[in-house]
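Colleague: Task: produce atomic coordinates for the following.
(one chain, ligands or ions: 1)
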Amino acid sequence: MFRLGDFDYHGKTVFLRIDVNSPVKDGKIISDARFKAVLPTLLYLLEHGAKVVIGTHQSKPYKGDYITTEQHAEILSSLLGQEVEYVEDIFGKYARERIRALKPGEALILENLRFSAEEVFYKSLEECERTFFVKKLSPLIDYVVNDAFAAAHRSQPSLVGFARLKPMIVGYLMEREVKALTKAYETGEKPRVYVLGGAKVDDSLKVAENVLRKGRADLILTGGLVGQVFTLAKGFHLGDTNIEFMEKKGILELVDWAEDILDEFYPCVRTPVDFAVDKNGERVEVDLLSEEKWLFDEYPILDIGARTVEKYREVLMEAKIIVANGPMGVFEREEFALGTVGVFRAIGESPAFSVVGGGHSIASIYQHNIGGISHVSTGGGAMLSFFAGEKLPVLEAFRISYERFRGVLGG
Ligand code: 3PG
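Modeller: As a prediction, the model looks like this:
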């Protein structure tokens, strides 16, 4: 694969695909974690005289956090101490004019790439190559640098479409992510503990099945909705309110699959021994075996309980490798952040080599100043795809591009 140092960028136009899709509250971006993560690549290109055309997506059409990239431009400009121009266009005449006007060491950011219909479908690399996005921008671009690890599981025009047309180069963040995740996945050190939480239950089940079947994990600790599905699969009742919620989310049908995993890999999957419910705005902890479990019928489960955190902590302190994805509960509400913060903190304190990801939930690591984690991944879905053993389209595209253009390096 091509690395950043392989080319001379002076005076060259570089399309830099990043993923600074970020959490938004009341219309404002509330975390700059993904921006900071791509700064080294951006700085390298600017310092080496590139004219940088930045592209990112932000959320998906019709969602509440689907906004323009104007704020993204402001955040990048203030982190860099240099203007990154916001261009309110993607590949139209105006965008192309602004790209042509760039001088060495300058950068602009295109409009939210998903404002273009082509960018919201998942298509093959060949089809992505035939999009207007790629056709219109290709003549203006010399190199493509992809640092969007968090979107590496997506086959979309801006992510893979240039691979056979331009040298596609691995950014520093991408390189760091792939290295850390590969180390955690391929290591022979034991015990290897996976912590699976959050709401992407089907993706987490794929990870559990893959790492257990391939002998890459020794124990799986569960929380969030993943933990609730496994708890149901073990035969516990979690109350009507919670069952209805899971039914609405379409995850109740995953309980059978979770049961198959439990049967095949007993006793490698641990589930919470207690949960915290929201009783009219108050955190109330309920032991799974206690008389109080009727509370599950009336109140929603929003976190794992303190006893579970303690039990998980003991396991994590003994681990050699930890891979964690997704929160243990609704960490956005302070009273239900205890599980997520407690588990992430234990991971940070453990001497294990640890990789923690989960998209937006990673913000809680920064909010609570949790240190000691070996690698905080910017990836949520991308990280899950990686550990599910799937081929990531962006990594495939790097290989295809390298095969096509390696002659230009003269080697
Ligand atoms: C993410 O936050 O996981 C990435 O930005 C990818 O976003 P997507 O799931 O909307 O493709």
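Colleague: Count the neighbours of whichever residue of the chain sits closest to the ligand for me.
Modeller: As assessed by CB to the nearest ligand atom, the ligand sits closest to Asn21 within the chain, at 3.5 Å. (C-beta placed from N, C-alpha, C; glycine too.) Neighbour count of Asn21, defined by other CB atoms under 10 Å: 25.
Colleague: Contacts for the helix or strand of the chain with the lowest mean pLDDT next, please.
Modeller: Averaged element by element with mean pLDDT, DSSP states H and E, the chain has its least confident helix or strand at helix 363-367 (a mean of 82). Identification of contacts with helix 363-367 by CB atoms under 8 Å, 6 or more residues apart in numbering yields 23, 30-31, 33, 327, 331, 337, 340-341, 344, 356, 370, 373, 376.
Colleague: Flag every residue of the chain that's near the ligand.
Modeller: With CB under 6 Å from any ligand atom as the criterion, the chain comes near the ligand at residues 19, 21, 60, 150-151, 154, 359, 380-381.
Colleague: surely Val273 meets Arg307?
Modeller: Yes - Val273 is within contact range of Arg307, at 5.4 Å (criterion: CB atoms under 8 Å).
Colleague: Adding secondary structure, pLDDT and neighbour count, write the contacts of helix 363-367 out as JSON lines.
Modeller: What follows is the contacts of helix 363-367, written out as JSON lines (DSSP: H, G, I helix; E, B strand; the rest coil; pLDDT from 0 to 100; neighbours: other CB atoms under 10 Å):
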{"residue": "Pro23", "secondary structure": "coil", "pLDDT": "91", "neighbour count": "18"}
{"residue": "Ile30", "secondary structure": "coil", "pLDDT": "91", "neighbour count": "13"}
{"residue": "Ser31", "secondary structure": "coil", "pLDDT": "90", "neighbour count": "19"}
{"residue": "Ala33", "secondary structure": "helix", "pLDDT": "91", "neighbour count": "17"}
{"residue": "Pro327", "secondary structure": "coil", "pLDDT": "94", "neighbour count": "30"}
{"residue": "Phe331", "secondary structure": "coil", "pLDDT": "92", "neighbour count": "26"}
{"residue": "Ala337", "secondary structure": "coil", "pLDDT": "95", "neighbour count": "22"}
{"residue": "Thr340", "secondary structure": "helix", "pLDDT": "96", "neighbour count": "30"}
{"residue": "Val341", "secondary structure": "helix", "pLDDT": "95", "neighbour count": "20"}
{"residue": "Phe344", "secondary structure": "helix", "pLDDT": "96", "neighbour count": "29"}
{"residue": "Val356", "secondary structure": "strand", "pLDDT": "96", "neighbour count": "24"}
{"residue": "Ile370", "secondary structure": "coil", "pLDDT": "93", "neighbour count": "19"}
{"residue": "Ile373", "secondary structure": "coil", "pLDDT": "97", "neighbour count": "22"}
{"residue": "Val376", "secondary structure": "strand", "pLDDT": "95", "neighbour count": "19"}
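Colleague: Of all pairs in these, which one is the farthest apart?
Modeller: The most widely separated members of these are Ile30 and Ile373, with 20.6 Å between them, by CB to CB.
Colleague: before we move on, back to that, nearest residue to the residue of the chain closest to the ligand other than its sequence neighbours?
Modeller: Residue nearest to Asn21 in three dimensions, not counting chain neighbours: Gln58, with 5.2 Å by CB to CB, 6 or more residues apart in numbering.
Colleague: Next one, pLDDT for the residue sitting furthest away from the middle of the chain please.
Modeller: Most distant from the centre of the chain: Glu291, at 39.0 Å, with distances by CA atoms, centre = their mean. We note a pLDDT of 93 for Glu291 in this prediction.
Colleague: that older thread, any idea which of the residues of the chain next to the ligand is closest to Lys391?
Modeller: Here the nearest of these to Lys391, counting by CB to CB, is Arg154; it sits at 12.5 Å.
Colleague: how about low-confidence regions in the chain?
Modeller: 410-411 (pLDDT under 70).
Colleague: just how off-centre is the least confident helix or strand of the chain within its chain?
Modeller: 14 Å (CA atoms, centre = their mean, to the nearest Å).
Colleague: buried residues in that helix?
Modeller: By 16 or more other CB atoms under 10 Å, the buried positions in helix 363-367 come out as 363-365, 367.
Colleague: ditto for stretch 301-318
Modeller: Buried-residue list, stretch 301-318, by 16+ other CB under 10 Å: 301-305, 308-309, 311-313, 315-316.
Colleague: what's the farthest-apart pair in those residues?
Modeller: Leu302 and Val315 (22.9 Å).
Colleague: show me where the stretch 201-350 of the chain has strands.
Modeller: 219-222, 269-270, 274-279, 282-287, 301-304, 321-325 (DSSP state E, counting those that start in this stretch).
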